[in-house]
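Chemist: How does the following fold in three dimensions:
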Amino acid sequence: MSLGSGGDAKLFARGKVAELRTELTSGNKKDKNHAAKKVALKKIVANMTMSNNDMVALFPDVVSCMQIDNWEIKKMCFLYLTNYARMKPELAVKALPVLLNDMENANPLIRASALRTTGYIHVKEFVNALVLPLKRLLKDSDAYVRKTAAMAVAKLYDHDKHIVENSDLIDRLNGMLRDENSTVVAQALASLMDIWERSESIKLTIDHASASKIVQILPECSEWSQTYILEALMQHVPQDTSEALMLAERVSPRLSHSNSSVVLTCTRVLLYLCNYIADEKQVTALCRKLSPPLVTLLAKGPEIQYLALRNALLILQRRPEVLRNDIRVFFCKYNDPIYVKVTKLELIFMLATESNIHEVLAELAEYATEIDIHFARKSVRAIGKLAIKIEPAAQVCINSLLELVATKVSYIVQEATVVIRNIFRKYPNRYESIIRVLCENLDSLDEPEAKSAMIWIIGQYADRIENSDVLLDDFLFSWHEETVEVQLTMLTAAVKLFLLRPTKGSEIVPKVLKWATEETDNPDLRDRGYFYWRLISSDPVAAKTIVMGVKPPITAESEKLDPATLEEMCLNVGTLATVYLKPVQHVFRNARARKLQDSPALQKHQLPTQVAMEAQAHKSFSQTNGVTSQSNGNLAAAIDAADVYFSGLNSSDVSRNMAALNLGEDGGLGDSPAVGAPGETQYVVNQSQPEQAYHPQIGGDNGDLLL
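Modeler: Numbering: from 1, shown residues only. This next block holds a predicted model:
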């Protein structure tokens, strides 16, 4: 049968609903097990799961079926009610007396299901009616009912927190922590944690006696109950080292659990407790226990592998002793997904040391020749970063890079050029011999970052590269087609060439400055062009001191988390936030930020934030006492001299100085005046066409500059 129109479809749906209603209402005395009703309800549930909202028309019929004292029928009716109650709240209310009656049923499964269903329905009448039976069921004789009741308290708090806070439900929930059933205790803890996450007024603390008790029942609990208990242990603040050490020893067997959630939550608890243990040997011993379970997680599926790897990145930044000797387990397999390979690459970089550098470089060189270009480029970049990270191995890393450049593969050459620029920044005046190799591969450079890197090298070492002016001039042919990033690098390189080799740069600088100031609409490029123009026209000696001054130190630690974020993230190991390596509130907007609670046992001097503060204070003290003043003295003096010089100049002085520089055929650096006398017509240079800008007379009768 084909349904050609919307009207036919509605007619078909109406007929289907009528057919199901007939099956639900038809009763037969011989059908004592209600087989027909069960079949009809199964059909309704099947349609409901396929998002067929036509089934909502059967609401009164399903409610009438709820009164049948049959567990299988009630289960399907509860499922239907949970799904459609919000769409038809006025009809759902008719089912409330049946649910309240079922909460007193002799069958604990029916009591628990009725309670769970009532708790799921976010309708005012259901929320108000739930409080009294919930208080009774929290003390039910059946453990499964008590567990469901504990869960219902958190659900009720989600619906209306004032009802829960104005009753004694939270106190009753707290009393359930002394229950003899471990599953009930775990669910009570989970509900209290959920309420604490949502509340601004409730504070959750667990004393040492309670913490010791809940740790005792860990072996008896299911895997998810163990996760709830371990989560809750994060709310216990040890008051002395022995407390923290004892809890850590009793929790650590959970690291061998088969469930990855239990393993990661246990790891989080141990990292938390390490902050309260004074003995470094004990901390190191605990950290060594974290390595095998993390390695074991790498044998699971790629998604679990990725989660374990992201958490390993975080843990290594806080506790470098973890995984120190396990670098080989992070070597990539041919069938690893790309996201796993890239994360393993980051871990290999973090774990690389002078002792294993040869093994690591051999592996990275193999990755650099893989068919996946994205991964190959990251491998080349990792080799360059290792040269910066491990100074004694810098030459070995550079040799490996040169071997890769010799392959003449375009993207490898370009990536190598970028990292070699960073190596020059890290080790000035040490490895200039490789510049010749780079110059032989200029034709391979067609990406902005690689071009910028090569142009920077040419400018920085213009006095050591014999034909630096010719090489730079070749790049300048495509000035107008290049990105702003490359243009900025070209501008700086041209100025460096002029300062290092004035005779070679005197022909290049005028045209580059003219392009940068007159033929661009990018404010950054234009501002830098005017800055260089004025600087070299007024005092070339000061210009050389400033432009060729000491560069900021470059390190391989730029990708590390800042201390405050690292401290917080270690309290969230195993959560989604650790995949992004961002603070929890950046991932979950309403999540509560976690921080270490102060206590006599807290080892404050070992916290990342404290270490960073002490390092900053030491650096400031050194600078104040003149440790860095000598190295920066020439630069500071040049800047001060330039300020004094320019403050005494007027526009005609600047024009005369620029004309005296005699860099161009017309005696200046362009025909667009930099400044003008009041009242003169000036031009705002546009890339397409000069546009006149209106400049009012300065200083009116009342001295208002805005006239």
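
Chemist: where do the strands sit along the protein?
Modeler: 682-684, 691-693 (DSSP state E).

Chemist: What is the burial count for E614?
Modeler: 11 (other C-beta atoms under 10 Å). (C-beta placed from N, C-alpha, C; glycine too.)

Chemist: Sketch out the low-pLDDT regions of the stretch 501-650 of the chain for me.
Modeler: 556-559, 620-650 (pLDDT under 70).

Chemist: So which helix or strand of the protein has the lowest pLDDT on average?
Modeler: strand 682-684 (a mean of 31; mean pLDDT, DSSP states H and E).

Chemist: List the neighbours of stretch 430-440 that are in contact with it.
Modeler: By C-beta atoms under 8 Å, 6 or more residues apart in numbering, the residues outside stretch 430-440 that reach it are 394-395, 398, 402, 405, 417, 420, 423-424, 454, 457, 461, 464-465, 471.

Chemist: and with 10 Å instead?
Modeler: By C-beta atoms under 10 Å, 6 or more residues apart in numbering, the residues outside stretch 430-440 that reach it are 387, 394-395, 398-399, 401-402, 405-406, 408, 413, 416-417, 420-421, 423-424, 444-445, 453-454, 457-458, 460-461, 464-468, 471.

Chemist: Among the residues you listed, name the buried ones.
Modeler: Neighbour-count burial (16 or more other C-beta atoms under 10 Å) applied to the contacts of stretch 430-440 gives 387, 394, 398, 401, 405, 413, 416-417, 420-421, 423-424, 444-445, 453-454, 457-458, 460-461, 465, 468, 471.

Chemist: Inside helices: which ones of those residues?
Modeler: 387, 394, 398, 401, 405, 413, 416-417, 420-421, 423-424, 453-454, 457-458, 460, 468, 471 (DSSP state H).

Chemist: Tell me if I'm right that K451 and V486 touch.
Modeler: Yes - if you go by C-beta atoms under 10 Å, K451 and V486 touch, sitting 5.1 Å apart.

Chemist: Can you check which residues contact both of those two?
Modeler: Shared contacts of K451 and V486, defined by C-beta under 10 Å, 6+ apart, comprise 475, 478.

Chemist: where's A248 relative to A365, distance?
Modeler: 41 Å (C-beta to C-beta, to the nearest Å).

Chemist: Same drill for these two, tell me which one is more crowded.
Modeler: A248 (24 against 16).

Chemist: contacting residues around the more buried one?
Modeler: Contacts of A248 (C-beta under 10 Å, 6+ apart): 238, 266, 269-274, 276-277, 282-283, 285-286, 289.

Chemist: so what's it closest to, chain neighbours aside?
Modeler: Nearest residue to A248, sequence neighbours excluded (C-beta to C-beta, 6 or more residues apart in numbering): L273, at 4.5 Å.

Chemist: Likewise for S379?
Modeler: Closest to S379 by C-beta to C-beta, 6+ apart is Y367, at 3.8 Å.

Chemist: ok, that neighbour - contacts?
Modeler: Contacts of Y367 by C-beta under 10 Å, 6+ apart are 331-332, 341, 344-345, 348, 375-376, 378-380, 382-383.

Chemist: now the residues you listed in TSV, with pLDDT and distance to T545?
Modeler: Converted to TSV, the contacts of Y367 look like this (pLDDT from 0 to 100; distance: C-beta to C-beta, whole Å):
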residue	pLDDT	distance to T545
F331	93	48
C332	93	48
K341	94	46
K344	94	46
L345	94	41
I348	93	42
F375	93	43
A376	93	41
K378	93	38
S379	94	40
V380	94	35
A382	93	36
I383	94	35
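
Chemist: which two in those are spaced the farthest apart?
Modeler: F331 and V380 (17.0 Å; C-beta to C-beta).

Chemist: between these two, who's got more neighbours?
Modeler: V380 (27 against 16).

Chemist: got a list of what that one touches?
Modeler: 364-365, 367-368, 400-401, 404-405, 409, 411-419.

Chemist: burial count for V295?
Modeler: 15.

Chemist: same deal with P448?
Modeler: Using other C-beta under 10 Å: P448 sits among 16 other residues.

Chemist: Tell me the pLDDT of A659.
Modeler: On pLDDT, A659 comes in at 46.

Chemist: surely L297 meets L264?
Modeler: Yes - L297 is in contact with L264 according to C-beta under 10 Å; the separation is 8.0 Å.

Chemist: residues shared between the contacts of these two?
Modeler: With C-beta under 10 Å, 6+ apart as the test, L297 and L264 both reach 304, 307-308, 311.

Chemist: can you count the residues close to the closest residue to A154 other than its chain neighbours?
Modeler: Leaving aside its sequence neighbours, A154 sits nearest to S191 (C-beta to C-beta, 6+ apart; 3.9 Å). Neighbour count for S191, taken as other C-beta under 10 Å: 25.

Chemist: Just list the residues touching S191, thanks.
Modeler: Here S191 is in contact with 147, 149-157, 169-170, 173, 176, 228 (C-beta under 10 Å, 6+ apart).

Chemist: Now tabulate the shared contacts of L297 and L264 in JSON lines and tack on neighbour count, pLDDT and distance to G119.
Modeler: Listed next are the shared contacts of L297 and L264 as JSON lines, based on neighbours: other C-beta atoms under 10 Å; pLDDT from 0 to 100; distance: C-beta to C-beta, whole Å:
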{"residue": "I304", "neighbour count": "16", "pLDDT": "92", "distance to G119": "32"}
{"residue": "L307", "neighbour count": "21", "pLDDT": "93", "distance to G119": "31"}
{"residue": "A308", "neighbour count": "24", "pLDDT": "93", "distance to G119": "35"}
{"residue": "N311", "neighbour count": "26", "pLDDT": "93", "distance to G119": "34"}
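
Chemist: can I get those residues in CSV with distance to W515?
Modeler: CSV is the format used below for those (distance: C-beta to C-beta, whole Å):
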residue, distance to W515
I304, 55
L307, 51
A308, 52
N311, 50
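
Chemist: Read off the pLDDT value for K32.
Modeler: In this model, K32 carries a pLDDT of 68.

Chemist: I figured V419 was touching K389, is that so?
Modeler: No - under the criterion of C-beta under 10 Å, V419 is not in contact with K389, lying 11.8 Å apart.

Chemist: Touching both of the two, which residues are there?
Modeler: By C-beta under 10 Å, 6+ apart, the residues touching both V419 and K389 are 382, 397.

Chemist: how about low-confidence regions in the protein?
Modeler: Ranges of the chain meeting pLDDT under 70: 1-15, 27-32, 51-52, 556-559, 620-707.

Chemist: In contact with the nearest residue to F349 once chain neighbours are set aside: list those residues for me.
Modeler: Using C-beta to C-beta, 6+ apart and skipping residues adjacent in sequence, the residue nearest F349 is A382, 5.1 Å away. If you count contacts by C-beta under 10 Å, 6+ apart, A382 has them with 345-346, 348-349, 352, 360-361, 363-364, 367-368, 389, 397, 419, 556.

Chemist: Apply 8 Å and report the result again.
Modeler: 345, 348-349, 364.

Chemist: which one of the residues you listed sits closest to R526?
Modeler: Of these, the one sitting nearest to R526 (C-beta to C-beta) turns out to be F349, at 39.1 Å.

Chemist: Am I right that that closest one is in contact with L386?
Modeler: Yes - assessed by C-beta atoms under 8 Å, F349 is found in contact with L386 at 6.6 Å.

Chemist: more neighbours, these two?
Modeler: Each of F349 and L386 has its neighbours counted (other C-beta under 10 Å); L386 has more, 24 against 20.

Chemist: any idea how far the residue lying closest to that one once chain neighbours are set aside is from A617?
Modeler: Spatial nearest neighbour of L386, excluding adjacent residues (C-beta to C-beta, 6+ apart): C397 at 5.2 Å. Distance check for C397 against A617: by C-beta to C-beta, it reads 34 Å.

Chemist: Which one's more surrounded, those two?
Modeler: Neighbours were counted for C397 and for A617 using other C-beta under 10 Å; C397 has more, 25 against 10.

Chemist: I appreciate the help and will end here.
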